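Colleague: Just a sequence and a predicted model for now, questions to come.
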Amino acid sequence: MLAHEATLQRWTRIGLYLVVATMAYNMVEAGVALWSGAEADSIALMGFGLDSLIETMAAGMLLWRLRLKTQSADPEHGEAVEQRVHRFVGGTFLALASLVLMPLAAIGKLRAARIIGSGALRAEAKETLACSYLSLNLLLGLAANATAGWWWADPIAALCTVPWLVKEGVEGVRGEVCCD
């Protein structure tokens, strides 16, 4: 049993280090994205920066949980905190999904792009749609894994978006403009 406990403690420390590294990265990412988004007047970059802040909050809650795990011997308190953090992280997934707001923003941007004749705005609107599609795929994959145990559903769901992303990326790099 001692070897098992030592292994758990070791992996808890590894988890702590990884969460701290992820938090640091996401904080830098958020700062750069928010600053760049403000400078470029880009809604997508601002949204990306806000997503990074949401991820940082989720990591902060997990950091709290893992620190408690290393410091507390009370399993009941640990389980209560585990459940609270799990619910919080679930809420951040819902916040990241933006499955209603992002498509509406993209539709508005597509309309504005068509009216003002901006291929760049159209491309950026498609990127906003891509973010919402990726979020939807993530939720569908996670739900399939959680409800049916389909561990493979998450990567398959993510891969389903790749052809569309590549098509849009190639069109954007080539400067191709077409209208919806």
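Modeller: Ah, there it is.

Colleague: Now the helix or strand where Gly60 lies: buried residues?
Modeller: In this assignment (DSSP states H and E), Gly60 forms part of helix 43-71. By neighbour count on 16 or more other C-beta atoms under 10 Å, the buried set for helix 43-71 is 43-59, 61-63, 65-66, 69. Heads up, the C-betas are built off the backbone N, CA and C, glycines and all.

Colleague: One more: stretch 20-38?
Modeller: Thr22, Met23, Asn26, Glu29, Ala30, Ala33, Leu34, Gly37.

Colleague: which among those residues gets closest to Cys131?
Modeller: Nearest to Cys131 among the buried residues of stretch 20-38 is Ala33, at 12.3 Å by C-beta to C-beta.

Colleague: and the gap between that closest one and Phe48?
Modeller: The gap separating Ala33 from Phe48 is 5 Å, by C-beta to C-beta, to the nearest Å.

Colleague: Could you pull up the contacting residues of Thr12?
Modeller: Thr12 makes contacts with Leu66, Lys69, Thr70, as judged by C-beta atoms under 8 Å, 6 or more residues apart in numbering.

Colleague: That concludes my questions; thank you for your assistance.
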